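>>> What would the 3D arrangement of this be:
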Amino acid sequence: MNPKTRSMIGADVVKEVLATAAKLGYHYDTAAGSLRSGTSHMVGFVVPNIGSPVFAPMLAGLSKRLKRESYSVITVEVGNTTAGELELVSELSSRRMDGLILATAHRQDPLVTYCVDNGISAVLVNRAEEHSRLSAAVTNDLEAMRLAVDHLVSLGHRKIGHIAGPQDLSTGYLRLAGFRLAQAAHGLDTDKAFIEEAASFDRQGGHTAALRLLDRIPDLTAIAVASDLLALGAYDALRQRGLRCPEDVSIVGQNDMPFIDLVSPPMTTVRVDFEEMGATAAELLLQTMSRQDQPLRNIVLSPSLVVRSSTQQVTNSRRPHSGPDIAASPANDVGGTSVPPRKPVRRNGPLKSGNYGG
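Modelled structure (predicted):
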């Protein structure tokens, strides 16, 4: 009855046993089997916000890879409180999860400490710690922001602002670092006046941060934003101030989350392959579960720029604007020009600045 051991006996015997089991209405008792084997063939996927569009492709990628090894996946939303995270992960552990894929990591993370101290097989995905204690599958955030700034500079923009994500998360921290490095490489202003940190990676956070940025730098011509959700909030802020995207202010997002090509204007963004990231995290977890002393591996996937309609050549002055834009509605232009990504960069060893995030 066990698919993993059927190859040990003849195919005709397997067929006869399965037919007899079906006739008798027999079903394999997974709970009883886990007591005997010590494994449940269940993996927990722990996310901070199940409503975020980036987690669906990530879940698809990791589920496909784990299914090939007969593992099932349980997705759990833990919110953004440390106490809530620890309580739910403790419960998952008590239910005999064989391993965890954590999309919740902070740069210094108590949940990682809990997993390490309790011998729980776990890996990180999309975010990582500042100092590696678990293997991780992430994207190159420094490179992602360089692509965004290079694109804006190529269009003639010189007054470029940045809406950063929370700095206790690797994605927010490294994308801000990438923005500063890219600005400096082009001889542009890296003053903190051009940078506004959002309270959270969501649309409201982007809206509030964009308003503050526009108040401080009224002649801003472009904004490189740390995520697509934050960028949607920036769209809202421009509309509120009677400004147009991209005629008055160009915007570049990060992630290329599902349906971001359907907003108005379709968003220029930096693509992260979240399905590949999920599959990579699953592979790392399988290696970790098979061998507890498995060396740490940090696999960094390369991002790519996708040019759509939210960016254009800088103009000399803003033109009067008589009506509001629509921040998120179906658009006629749903295409985009994709700059081909480079092959994924796969690196082993400790996680260093620039090698984690997402």
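
>>> The stretch 251-358 of the chain: helices as residue ranges?
Using DSSP state H, counting those that start in this stretch, the helices of the stretch 251-358 of the chain run over residues 274-290.

>>> Distance of residue 102 relative to residue 307?
Using Cβ to Cβ, to the nearest Å, we find residue 102 at a distance of 33 Å from residue 307. For the C-beta atoms, the positions are set from N, CA and C on the backbone; glycine is no exception.

>>> One more: residue 296?
Note on residue 296: its distance to residue 307, by Cβ to Cβ, is 36 Å.

>>> cool, and residue 144?
Distance of residue 144 to residue 307, computed by Cβ to Cβ: 14 Å.

>>> higher neighbour count, the two?
Between residue 144 and residue 307, counted using other Cβ atoms under 10 Å, residue 144 has the larger neighbour count: 29 against 17.

>>> Provide the secondary structure category for the more buried one.
Following DSSP: H, G, I helix; E, B strand; the rest coil, the label given to residue 144 is helix.

>>> wait, it sits on residue 176?
No: the pair residue 144 / residue 176 is not scored as a contact, 11.6 Å apart, by Cβ atoms under 8 Å.

>>> Nearest residue to residue 99 in space, please, no chain neighbours.
In this structure, residue 99 finds its nearest non-sequential neighbour in residue 121, 4.0 Å apart by Cβ to Cβ, 6 or more residues apart in numbering.

>>> Name all residues that make contact with the one you found.
Contact partners of residue 121, counting by Cβ atoms under 8 Å, 6 or more residues apart in numbering, are 98-100, 285, 288-289, 292.

>>> got a winner among those residues for most neighbours?
Neighbour counts for the contacts of residue 121 (other Cβ under 10 Å) peak at residue 285, which has 27 neighbours.

>>> So it is in contact with residue 101, correct?
Yes: contact criterion Cβ under 8 Å: residue 285 and residue 101 qualify, at 5.8 Å.

>>> Mind listing the shared neighbours of those two?
Common neighbours of residue 285 and residue 101, using Cβ under 8 Å, 6+ apart, are 43, 122-123.

>>> Among these, which are located in strands?
Under the assignment DSSP state E, those contribute 43, 122-123 to strands.

>>> Of those residues, which is the nearest to residue 265?
Taking Cβ to Cβ as the measure, residue 265 lies nearest residue 123 of those, at 37.4 Å.

>>> just checking, that closest one touches residue 286?
No: applying Cβ under 8 Å as the test, residue 123 and residue 286 come out as separate, 9.5 Å apart.

>>> Comparing those two, which residue is more hemmed in?
Counting neighbours by other Cβ under 10 Å for residue 123 and for residue 286 shows that residue 123 has the greater number, 30 against 21.

>>> For residue 333, report the pLDDT, please.
Note on residue 333: pLDDT of 37.

>>> ok, back up a step: quick one: which of the contacts of residue 121 is nearest to residue 12?
After measuring those against residue 12 - Cβ to Cβ - the closest member comes out as residue 98, at 32.5 Å.

>>> Tell me which residues touch the closest one, please.
Shown in contact with residue 98 (Cβ under 8 Å, 6+ apart): 39-43, 71, 121, 289.

>>> ranges for the strands of the stretch 1-150 of the chain?
For the stretch 1-150 of the chain, the strands defined by DSSP state E, counting those that start in this stretch cover 42-47, 72-77, 99-102, 122-125, 136-139.

>>> in its sheet, what does the second one sit against?
In the sheet, strand 72-77 lines up against strand 42-47 (parallel) (DSSP bridges).

>>> mind showing which ranges of this protein have poor pLDDT?
Along the chain, the model assigns pLDDT under 70 to residues 1-8, 14, 18, 21, 24-39, 317-358.

>>> So it: which segments form each domain?
The record's domain parsing of the chain by automatic domain parsing lists 6-139+275-301, 141-272+303-348.

>>> Return the most buried member of those.
For those, the largest average neighbour count (mean count of other Cβ atoms under 10 Å) is found in domain 141-272+303-348, namely a mean of 20.

>>> What segments of the stretch 151-300 of the chain are strands?
Secondary structure of the stretch 151-300 of the chain, counting by DSSP E, counting those that start in this stretch: strands at 160-164, 195-197, 222-225, 250-255, 268-271, 297-301.

>>> The third one packs against which elements?
This points to strand 222-225. Applying 3 or more Cβ pairs under 8 Å, 6 or more residues apart in numbering; DSSP states H and E, one finds that strand 222-225 makes contact with helix 141-154, strand 160-164, helix 203-216, helix 228-240, strand 250-255.

>>> And for the fifth one?
With contacts taken as 3+ Cβ pairs under 8 Å, 6+ apart, strand 268-271 sits against helix 141-154, strand 250-255, strand 304-307.

>>> Please name every helix or strand in contact with the second one.
The reference is to strand 250-255. Using 3+ Cβ pairs under 8 Å, 6+ apart, the elements in contact with strand 250-255 are helix 141-154, strand 222-225, helix 228-240, strand 268-271.

>>> Show me what the second one pairs with in its sheet, parallel or antiparallel.
Right, the one you point to is strand 222-225. In its sheet, strand 222-225 lies beside strand 160-164 (parallel), strand 250-255 (parallel), with partners assigned from DSSP bridges.

>>> Just the CA trace of the shortest one, in PDB.
What follows is strand 160-164, C-alpha atoms only, in PDB (Å, rounded to 0.1, in the frame of the first residue of the first chain):
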ATOM      1  CA  ILE A 160      14.400  59.400  -8.000                       C
ATOM      2  CA  GLY A 161      12.800  58.500  -4.600                       C
ATOM      3  CA  HIS A 162      12.600  55.200  -2.900                       C
ATOM      4  CA  ILE A 163       9.700  53.700  -0.800                       C
ATOM      5  CA  ALA A 164      11.500  51.200   1.400                       C
END
